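Trainee: Quick one: sequence and predicted model below, then my questions.
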Amino acid sequence: MDKDLVQYILGIADNALILGQRLGELCGHGPSLETDIAMTNISLDLLGQVRSYYQYAAKNIGGDATEDTIAFLRKEREYKNVLLVEQPNTDFAYSITRQFMFDIFHLLLLEKLQNSTDETLAAIAKKSIKEVSYHTRFSSDWIRRLGDGTEESHGRIQTAVNDLWTFTDELFHQTDADKAMVAEGIGVDVTLLKADFYQKVSSILTESTLETPQLQYFQKGGKQGIHSEHLGYLLTELQYMQRTYPNMNW
Amino acid sequence: MTATELHIDQQLFEILETVSDPEIPVLSIMEMGVVRSAKIVNDIVEVAITPTYSGCPAMDVIADDIKSAFKAKGYEAKIDLVLSPAWTTDWITPKGRQALEKYGIASPLTAEADKEALLGNKKVVKCPQCGSLNTKLVSQFGSTACKALFQCEDCLEPFDYFKCLK
């Protein structure tokens, strides 16, 4: 088993799983029917992508590993998602700002990952990129609409941007698995995406009459499995059926 | 895509054509362009299919339906899911596009027109009920991952538009 490759795949895939689960929570609870359907459709795309990644990871782990054991039977610290994606759906401003920040990053990552020397990762990236472009368009539109909307919507989206900003820097931290995979031509050097990310985000914020935060202090830890308290609750719900009725099937 | 373009034996093609998309029952999986190859290897039919969208829940059902269609004709089938090259709406056949329209789903436009339509810049999506171009985007996401929701401003009917995927 190539440990670095497995950790690298999980690093990308766990973001999609956890964000997919968060968005799924909005099913039937979205602020309007259209946004409800949109958020859950994005969730479905992410969960679809995660299946491809986990199936590939399971193949590399070997033994009894399957996409389901990876999704449902790991402990909190074994999830390598960034802190941003586990943040709660405080209100629609938070949900859509979290989505916007992740989408901009996700698209930049996939644009590079599609050139990976690993054929499976390149194929998943090529497939996902079409879906993520659409997500980016949707979340960017909402940032514009709310930022340049009423005084109330402007204020609330600015608060969400300010609060979530502290989680953006972690997107560009390299893990040991990252470094090993970059050296092999398989992985993407995330440090090179940083300037482009902040430029793109800032340009849309400005267009939306929002301020780009000038924060110097950032949160980190998710990539090492050190999460905020929110992940535990999320996993409890995600894993409930498999923990309560082990090996159950539909 | 036709049987010849995909190098699929006519006898296998005919069986595959009987399998329909579970969410758009008027459309066969061949018209949808999700079957990439089918061949008999050691008495087993090996079929490769590609998902329209990564999370499309129809894929598992399609795989099962293919197996039972072949079983009914005395074949054992094995299904492989391939991701590359990624599916595009260009693979929906002209016959498939007609079937969509008849069913009440506006078929995908060119990439450029699609962008204009989904950004709400131009009225280019034709109402499948009355044929009017006076339509508006209601929601970028619709009843399934592959569709967006529109409404006709002339006959007032809401309808699905199959998004262009390139």
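Mentor: Done, it's in.
Trainee: Which parts of chain B are helices?
Mentor: B:3-6, B:10-16, B:29-32, B:58-72, B:94-103, B:111-118 (DSSP state H).
Trainee: Any figure for the gap between residue B:133 and chain A?
Mentor: 22 Å (CB to the nearest CB, to the nearest Å). Glycine gets a C-beta too; all of them are placed from N, C-alpha and C.
Trainee: separation between that residue and residue B:123?
Mentor: 5 Å (CB to CB, to the nearest Å).
Trainee: Please apply the same query to residue A:233.
Mentor: From residue A:233 to residue B:123 the distance is 46 Å (CB to CB).
Trainee: who's more crowded, the two?
Mentor: residue B:123 (15 against 11; other CB atoms under 10 Å in any protein chain shown).
Trainee: And for residue A:210, nearest residue in space, chain neighbours not counted?
Mentor: residue A:147 (4.4 Å; CB to CB, 6 or more residues apart in numbering or on different chains).
Trainee: what about the residue in chain A positioned nearest to chain B, how many residues close to it?
Mentor: Closest residue of chain A to chain B, CB to the nearest CB: residue A:48 (2.6 Å). Other residues near residue A:48 come to 22 when the count uses other CB under 10 Å.
Trainee: got the phi/psi numbers for the closest residue to residue A:185 other than its chain neighbours?
Mentor: Counting by CB to CB, 6+ apart, residue A:185 lies nearest to residue A:117, which is 4.2 Å off, once chain neighbours are set aside. Phi and psi for residue A:117, reported as degrees, to the nearest 10, are phi -80, psi -10.
Trainee: which residues does residue A:25 contact?
Mentor: residue A:89 (CB atoms under 8 Å, 6 or more residues apart in numbering or on different chains).
Trainee: now with 10 Å?
Mentor: A:39-40, A:43, A:88-89, A:95, A:234, A:237 (CB atoms under 10 Å, 6 or more residues apart in numbering or on different chains).
Trainee: How confident was the prediction at the residue of chain A positioned farthest from its centre?
Mentor: Farthest-out residue of chain A from its mean C-alpha position, per CA atoms, centre = their mean: residue A:151, at 29.3 Å. Looking at residue A:151, its pLDDT stands at 98.
Trainee: tell me the phi and psi of it?
Mentor: Dihedral angles (degrees, to the nearest 10) for residue A:151: phi -60, psi -40.
Trainee: what about the residue nearest to residue A:185, neighbour count?
Mentor: Neighbour tally, residue A:117, other CB under 10 Å: 11.
Trainee: Find the nearest non-adjacent residue to residue B:50, please.
Mentor: In space, residue B:50 is closest to residue B:87, 4.8 Å off (CB to CB, 6+ apart).
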